[in-house]
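>>> here is a sequence with its predicted model. Questions after.
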Amino acid sequence: MITFPPEDLSPSLLEYIVKHQELIARLQDRIEVLKNEIIRLKKLNPKPNIKPNTKPPDDSGSDDGRQCRDTFASLKKTCRQHGLSFWDYLTDRLNGTGSFPRLEDVIEYASCWLPCGQCRGY
């Protein structure tokens, strides 16, 4: 691969050049393998057969069902924002044990720490 007369080079420089030419040759082989892999991947179907979403669209079902879902989603988000377990809170409310504070009390307490200084909203 050396195109100029190697007699003019020192042995260490010649060894360095030969080593790097071998490295370049190996890298070119790897590039060729990657190019072939890219060609193979381009031939594949761009949209693989993925299981369709089984969740019903939002517009299906009754208005009562949609309102119920939205209410539970809001309740779950509020519990998460205040560090409460949604399922424990819901179980407590349904059983009436009272081990969890009511959400309105938690929200009112949290509002006391707002920068506006308002403790009660009503």
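That came through fine. Keep in mind that this is a model prediction, so the values were computed, not measured.
>>> run through the protein and note the low-pLDDT ranges.
Applying pLDDT under 70 to the chain flags residues 1-9, 46-60, 113-122.
>>> could you redo the last one with a cut-off of 90?
Residues of the chain that meet the criterion pLDDT under 90 lie in 1-19, 36-75, 77-90, 92-94, 96-122.
>>> which residues in it form helices?
11-43, 63-81, 86-95, 103-111 (DSSP state H).
>>> could you check how many residues crowd around Tyr89?
When counting by other C-beta atoms under 10 Å, one arrives at 21 neighbours for Tyr89. Just so you know, the C-beta spots here come from the backbone N, C-alpha and C atoms, and that holds for glycine as well.
>>> who touches it in this structure?
Tyr89 makes contact with 75, 79, 100, 103, according to C-beta atoms under 8 Å, 6 or more residues apart in numbering.
>>> ok, it to Asn36 distance?
Note on Tyr89: its distance to Asn36, by C-beta to C-beta, to the nearest Å, is 58 Å.
>>> try Ile17
Taking C-beta to C-beta, one finds Ile17 at 29 Å from Asn36.
>>> ok, the two, which is more surrounded?
A direct count of neighbours by other C-beta under 10 Å for Ile17 and Asn36 places Ile17 higher, at 15 against 10.
>>> relative to Pro11, how far out is that one?
11 Å.
>>> just Val18 next, same as before
According to C-beta to C-beta, Val18 and Pro11 sit 10 Å apart.
>>> next: Lys43.
Look at Lys43 and Pro11: by C-beta to C-beta, they are 49 Å apart.
>>> over to Thr97?
Going from Thr97 to Pro11 by C-beta to C-beta gives 88 Å.
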